[in-house]
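Asks: sequence and computational prediction follow.
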Amino acid sequence: MSIEKILASAPVVPVVVIEKLEDAAPLARALYNGGLKALEITLRTPIAAEAVKLMKAEVPEAYVGTGTVVDKASFDLSVAAGADFMVSPGVSDELIALAKTSDVPFLPGAATASEVMQLASHGFKYLKFFPAEAAGGTAMLKSIGGPLPHITFCPTGGISLATAPNYLALNNVICVGGTWMLDKQLIENKDWQAIEALARQASELK
Ligand SMILES: O=C(O)C(=O)C[C@H](O)[C@H](O)COP(=O)(O)O
């Protein structure tokens, strides 16, 4: 499985912070039924790895990956959980070495031309552009695309339903990451139909 195929599966990758294990399966089903095929579960809560397992069992046809992969511990936790892919907000020599020895698709984060060049030198052609809005938004991606046209991005960070199309219109953007479809109140209310509707809105973005 390639990171390209995973990222090309839908225009948006929901970035999920899972608080309750009981929400994992129905949330994954709602997001997938709404057309979002790749789900990024951030390792920011102690139940995240277990949630990945439950989501994969509930929606085996989905690509269930981990986010906030920042060191060997989180990398190993992702592998143990059976993550279909991994995403990091930035990158370190340790993570680059681990990613290059693993067959789990890895999407490293970058925010500057130098970081993009460093990752490209290690063979990465798909990068997370994070934090997208704070790091310069679409203007930054257009500028980076000039000298580095062979790198494709999944911008994430501060992107909304309204601004996502501006990123998706860029030649060097394959999809965006976002949290706007993960309304905390709807999840608290277990309103999975409403979550599915927000996912559908996101999945129909061009
Ligand atoms: O936890 C990580 O590893 C992250 O990279 C953080 C997420 O990308 C942001 O939480 C995106 O959140 P929004 O800004 O609401 O789209």
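Replies: Done, it's in.
Asks: from here on, just use CA atoms for contacts and neighbour counts.
Replies: Noted.
Asks: show me what contacts the closest residue to residue 61 other than its chain neighbours?
Replies: In space, and not counting its chain neighbours, residue 61 is closest to residue 37: 8.0 Å by Cα to Cα, 6 or more residues apart in numbering. Contacts for residue 37 (Cα atoms under 8 Å, 6 or more residues apart in numbering) come out as 9, 10, 13, 31, 61, 62, 63.
Asks: might one say that residue 168 is in contact with residue 175?
Replies: Yes. Residue 168 sits in contact with residue 175 when judged by Cα atoms under 8 Å, with a separation of 6.3 Å.
Asks: now do the shared contacts for these two.
Replies: What both residue 168 and residue 175 touch, as defined by Cα under 8 Å, 6+ apart, is the set residue 11.
Asks: who has more neighbours out of the two?
Replies: Neighbour count, other Cα atoms under 10 Å: between residue 168 and residue 175, residue 175 has more, with 28 against 21.
Asks: any idea of the pLDDT on that one?
Replies: Residue 175 carries a pLDDT value of 98.
Asks: what's near enough to touch it?
Replies: 7, 8, 10, 11, 12, 13, 153, 154, 155, 168.
Asks: need phi/psi at the third one.
Replies: Backbone geometry at residue 10, expressed as degrees, to the nearest 10, gives phi -160, psi 160.
Asks: over to the fifth one?
Replies: Dihedral angles of residue 12 (phi, psi; degrees, to the nearest 10) stand at phi -130, psi 140.
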